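[1] no FASTA, just this:
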């Protein structure tokens, strides 16, 4: 998941703010996690860091996110990210209520 940040498009601004499985995927690439892996091995390999789940920077602990997934073993990175996607999406939707959702939908 990624969202374009607000702003005038100056060269010092990032092109997109990454969150959710996009951030987690990058962290897995950099960490000492090999697949197949258990949820415990993923936690240990990523040091149970906070993962941003929306463009506003709100986070969820990886441990908390993995606790919400019924699966305990992942054959590959894609399987892990697919299992965690609904957790991040649910947190994002619950995050700010109606006004936040409306504001996020507007292009300005």
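    Arrived safely. Values in this document were obtained by computation on a predicted structure and should not be read as measured data.
[2] so which bits of whichever helix in the chain runs longest are buried?
    Taking DSSP state H as the assignment, the helix of the chain that covers the most residues is helix 77-94. Judged by neighbour count using 16 or more other CB atoms under 10 Å, the buried positions of helix 77-94 are 77, 80, 81, 83, 84, 87, 88, 91, 92. For glycine as for every other residue, the C-beta is placed from the backbone atoms N, C-alpha and C.
[3] what is the nearest of these to residue 62?
    Residue 62 has its nearest neighbour among the buried residues of helix 77-94 in residue 84, at 8.7 Å by CB to CB.
[4] roughly how far apart are residue 28 and residue 70?
    When distances are taken as CB to CB, to the nearest Å, residue 28 and residue 70 turn out to be 20 Å apart.
[5] now do the contacts for the most centrally placed residue in the chain.
    Among the residues of the chain, the one closest to the centroid is residue 20, at 1.4 Å (CA atoms, centre = their mean). With contacts defined as CB atoms under 8 Å, 6 or more residues apart in numbering, residue 20 is in contact with 1, 51, 52, 53, 54, 84, 85, 88, 89, 92.
[6] go on, residue 51?
    Contact analysis of residue 51 by CB under 8 Å, 6+ apart lists 19, 20, 23, 24, 27, 59, 60, 61, 62, 65, 88.
[7] excluding chain neighbours, give the residue nearest to residue 42 in space.
    residue 33 (5.8 Å; CB to CB, 6 or more residues apart in numbering).
[8] so what's the residue count around that neighbour?
    The number of residues packed near residue 33 is 18, by other CB atoms under 10 Å.
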